[in-house]
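Novice: Turn this into a structure:
(chains A and B)
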Amino acid sequence: AQKVTQAQTEISVVEKEDVTLDCVYETRDTTYYLFWYKQPPSGELVFLIRRNSFDEQNEISGRYSWNFQKSTSSFNFTITASQVVDSAVYFCALSEAPGAQKLVFGQGTRLTINP
Amino acid sequence: KAGVTQTPRYLIKTRGQQVTLSCSPISGHRSVSWYQQTPGQGLQFLFEYFSETQRNKGNFPGRFSGRQFSNSRSEMNVSTLELGDSALYLCASSLAKGGWTEAFFGQGTRLTVV
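Specialist: Next comes the predicted model:
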């Protein structure tokens, strides 16, 4: 069965600090997709990144970077030089079926950036 | 272009009643998925509809049902409401044209059962 674990329930840092959100997943499939979503107080989930199981290349987008390691079944997310606007709940998710839009989410990490 | 629209945004119902929530996907998107978010269980997949057919279903009781119309708009219905059904219900739409396509989420409907 699929499972996503985000062990960090809450993280609080001071602005400009770097912060890493951990994500560990379990799946029996060889083909799967991993995602990160951000949920601001308004409620909608905002897509941040998608990675497929064949692409272990790390990705950087501005202050955001992602580290995908199949050997440890992890897909960690780092925010560099955090800002107050980064405060939100972040979810890591997994999808096994390429054609079907079914996501298995972790429990989420509430990130608070203090000024 | 317009995003995913969910109506109503807030709803209060009494235990035992039924409720219908609506989701209008992004124009051109044919897949609509529904998720339930609660503090205890987190985000859980309810079902997905593609071209008016249910393509995937999560592990929820039969009180939870849905449908999709020819214009891709979707509704979900919960019958015989229980206190535990209080949650944020999120809808996501996607093109779903082969492979995995990004899912865009609405702001959700917050249902409170009293």
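Novice: On the C-terminal side of the helix or strand of chain A with the lowest mean pLDDT, identify the next helix or strand.
Specialist: Least confident helix or strand, chain A: strand A:59-61 with a mean of 86, by mean pLDDT, DSSP states H and E. Under the assignment DSSP states H and E, the closest C-terminal helix or strand after strand A:59-61 is strand A:64-69.
Novice: tell me the angle of the very next helix or strand once past that following strand relative to strand A:64-69?
Specialist: Next in sequence after strand A:64-69, counting helices and strands by DSSP H and E, comes strand A:74-79. Relative orientation of strand A:74-79 versus strand A:64-69 (axes from the mean of the first three to the mean of the last three C-alpha atoms, to 10 degrees): 160 degrees.
Novice: Name the residues that touch strand A:74-79?
Specialist: By C-beta atoms under 8 Å, 6 or more residues apart in numbering or on different chains, the residues outside strand A:74-79 that reach it are A:18-25, A:34, A:36, A:48-49, A:51, A:63-69, A:86, A:90, A:92, A:111. Placement of C-beta: from N, CA and C, glycine included.
Novice: Now, these that are in strands?
Specialist: With DSSP state E as the criterion, strands contain A:19-21, A:24-25, A:34, A:36, A:48-49, A:51, A:64-69, A:90, A:92, A:111 from among those.
Novice: could you flag which of these are buried?
Specialist: A:19, A:21, A:24-25, A:34, A:36, A:48-49, A:51, A:64-66, A:68, A:90, A:92, A:111 (16 or more other C-beta atoms under 10 Å in any protein chain shown).
Novice: low pLDDT regions in chain B?
Specialist: Scanning chain B for pLDDT under 70 picks out B:1, B:96-100.
Novice: Tell me where it has strands.
Specialist: Under DSSP E, chain B gives strands at B:5-7, B:10-13, B:19-24, B:31-38, B:42-50, B:53-57, B:64-68, B:74-78, B:87-94, B:104-105, B:109-113.
Novice: The shortest one - contacts with which helices or strands?
Specialist: Using 3 or more C-beta pairs under 8 Å, 6 or more residues apart in numbering or on different chains; DSSP states H and E as the contact test, the elements touching strand B:104-105 are strand B:87-94.
Novice: now do the fourth one
Specialist: Counting contacts by 3+ C-beta pairs under 8 Å, 6+ apart, strand B:31-38 packs against strand B:42-50, strand B:74-78, strand B:87-94.
Novice: Need the residues that contact it.
Specialist: A:101-103, A:105, B:23, B:25, B:43-50, B:55-56, B:60, B:66, B:68, B:72-74, B:76, B:84, B:86-96, B:101, B:103, B:108.
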